[in-house]
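Engineer: here is my input; please provide its structure:
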Amino acid sequence: MTFDLEDYKRRTARLEWDDLDIGGFRHAPLNPDVLRCIRYMHDVEYHTTCYLRELLVTPAHADPVVTGFLTLWA
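Structural biologist: Residues are numbered from 1 along each chain as shown. Take a look at the predicted model:
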């Protein structure tokens, strides 16, 4: 499988949420099932970064594509 790091860099950006009406959730809260899913996905993302150090001490750290991706992803 190939991965085009330059294409990935062109197509990605920081998450922007300044247009999200956070206060609106007080009046129209999310469904409990949706909240459960968001909590689960938060845990998945959070714990994925916990393994970054372990990955970078393997031979993968010598691959510029791998380290380039992880730098952008993290």
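Engineer: show me the strands in this structure, by range?
Structural biologist: Counting by DSSP state E, the chain forms no strands at all.
Engineer: excluding covalently adjacent residues, which one is nearest to Gly68?
Structural biologist: Leu5 (4.9 Å; Cβ to Cβ, 6 or more residues apart in numbering). The way it works is simple: take the backbone N, C-alpha and C, and place the C-beta from them, glycine included.
Engineer: what do you get for Leu52?
Structural biologist: Using Cβ to Cβ, 6+ apart, the closest residue to Leu52 is Ala74 (5.9 Å).
Engineer: roughly how far apart are that neighbour and Asp21?
Structural biologist: Separation of Ala74 from Asp21 (Cβ to Cβ, to the nearest Å): 29 Å.
Engineer: re the thing from before, I'd say the residue nearest to Gly68 and Thr67 touch.
Structural biologist: No - contact criterion Cβ atoms under 8 Å: Leu5 and Thr67 do not qualify, at 9.9 Å.
Engineer: still on that earlier bit, and the pLDDT for the residue nearest to Leu52?
Structural biologist: Confidence at Ala74, expressed as pLDDT, is 73.
Engineer: next one: Thr67
Structural biologist: Per the predicted model, pLDDT is 82 at Thr67.
Engineer: ok so, going back, any idea how far the residue nearest to Gly68 is from Thr12?
Structural biologist: Look at Leu5 and Thr12: by Cβ to Cβ, they are 11 Å apart.
Engineer: intersection of neighbour lists for these two?
Structural biologist: The contact sets of Leu5 and Thr12 overlap at Leu72 (Cβ atoms under 8 Å, 6 or more residues apart in numbering).
Engineer: quick check: the residue of the chain most remote from its centre vs Asp21, distance?
Structural biologist: Within the chain, His27 marks the point farthest from the mean C-alpha position, 28.4 Å out by Cα atoms, centre = their mean. According to Cβ to Cβ, His27 and Asp21 sit 10 Å apart.
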